[in-house]
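Q: Give me the fold of what follows.
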Amino acid sequence: MRILLLGQNGQVGWELQRALAPLGELVACDFDSRGALKADFSQPESLRALVRAVAPDVIVNAAAHTAVDKAESEPELARALNATAPGVVAEEAAARGALLVHYSTDYVFDGSGEQPRDEDAPTAPLSVYGQTKLEGERLIRASGCSHLILRTSWVYAARGGNFARTMLRLAAERETLNVIADQVGAPTGAELLADVSAHALLRVHALPALGGTYHCAAGGETNWHAYACHVIEWARAHGQPLKVAPGAIHPIPTSAYPTPARRPLNSRLSTARLQAAFGLQLPHWQLGVERMLTEIHGR
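A: The predicted structure follows:
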């Protein structure tokens, strides 16, 4: 099996290199790759030559415009990266009978209510990011290619910046913190996403009828305030020097911290369909976060 990985240097792409390597011949590239393997999503049509040159059996697209607030001021670029480019890749996948694995987001929903969304729930994105990711999903489905779309939420990795790192830095600098408490979801590790992707793509490659859209997120739920408290208390228990006092992390509403892009308050995703289809049990979010904290603490 020949696998083409797009977006190799992002959080998910980095973990995918590890997870996909044992499955076959892996060709990984990104926007800053050199020569014929350059994957410039800002120039969607250029991706056709890349796909044809590699001639993959499976394409895994981990490239995206993920700067949610910045997308509000550059919607054309966000649309090129999140919609037009995946659509072009999907057309090329369809032309050669390749499977396309693609990642989407809870931001395709409006975040209303308190129940987890399943894959058939009505979509109503609140932001340019959510709108362009939803458009990308639709273009992939319209292409007719065999596909696996994994919607996820609150993605983090030990590599690069993330919410936990930010909270630890602030907790070492400040005596009090204010953290949003009315957005609910499940922090999901890039490592978990990569491992699920590798498992699922093997099954879909063998049984294309299993393809489609699935929700993939860690088990359980939390809010950003509780997430921050968990991270900071873990750090305190492991001897990291912190200035913030226990009890000095204050919950605030989203309205107290306005941003250019609106965030969904309810990011809960039902993963029952994914777990049933692929025989998986998704671990609780705290397990992955603590593993990530252990990794960065040891550096």
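
Q: mean confidence score for stretch 50-59?
A: The pLDDT scores in stretch 50-59 average 96.

Q: Also stretch 108-128?
A: pLDDT averaged over stretch 108-128 gives 97.

Q: Contacts for that stretch, please.
A: 68, 71-72, 75, 78, 106-107, 130-131, 133-134, 137, 151, 183-184, 212-215, 261-270, 272-273 (Cβ atoms under 8 Å, 6 or more residues apart in numbering). Any C-beta I mention is one placed from the backbone N, CA and C, and that applies to glycine too.

Q: OK, contacts around residue 131?
A: residue 125.

Q: Use 609 as the first number from now on
A: Will do, 609 is the new start, and the previous item becomes residue 739.

Q: May I ask you to confirm that it belongs to a helix?
A: Yes - assessed by DSSP: H, G, I helix; E, B strand; the rest coil, residue 739 belongs to a helix.

Q: And for residue 809, the neighbour number?
A: 25 (other Cβ atoms under 10 Å).

Q: backbone phi and psi for the closest residue to it other than its chain neighbours, please?
A: Excluding the flanking residues, the one nearest residue 809 by Cβ to Cβ, 6 or more residues apart in numbering is residue 709, at 5.3 Å. Backbone geometry at residue 709, expressed as degrees, to the nearest 10, gives phi -100, psi 130.

Q: Quickly list what residue 709 is bridged to.
A: residue 668, residue 756 (DSSP bridges).

Q: so what's it up against?
A: So residue 709 contacts 666, 667, 668, 669, 755, 756, 758, 805, 808, 809 (Cβ under 8 Å, 6+ apart).

Q: Closest one of those to residue 856?
A: Each of the contacts of residue 709 was checked against residue 856 using Cβ to Cβ; the closest is residue 758, at 37.6 Å.

Q: Just the buried ones from the contacts of stretch 716-736, in PyMOL syntax?
A: The buried residues among these can be selected in PyMOL (16 or more other Cβ atoms under 10 Å) with this line:
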select buried, resi 676+679+680+686+714+715+738+739+741+742+745+759+791+792+821+822+823+869+870+871+872+873+874+875+876+877+878
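
Q: Which ones among the contacts of stretch 716-736 lie within helices?
A: 676, 679, 683, 686, 738, 739, 741, 742, 745, 880, 881 (DSSP state H).

Q: and the two most separated of the residues you listed?
A: The widest separation within the ones in helices among the contacts of stretch 716-736 (Cβ to Cβ) is 33.9 Å, between 683 and 880.

Q: shaky segments in the chain?
A: 642-644, 906-907 (pLDDT under 70).

Q: show me what contacts the residue nearest to residue 768 when sequence neighbours are not counted?
A: Take residue 768 and drop its neighbours on the chain: the residue closest to it by Cβ to Cβ, 6+ apart is residue 619, 5.7 Å away. Going by Cβ under 8 Å, 6+ apart, residue 619 touches 763, 764, 765, 767, 768, 770, 798.

Q: If anything else comes up later, I'll come back, but that's it for now.
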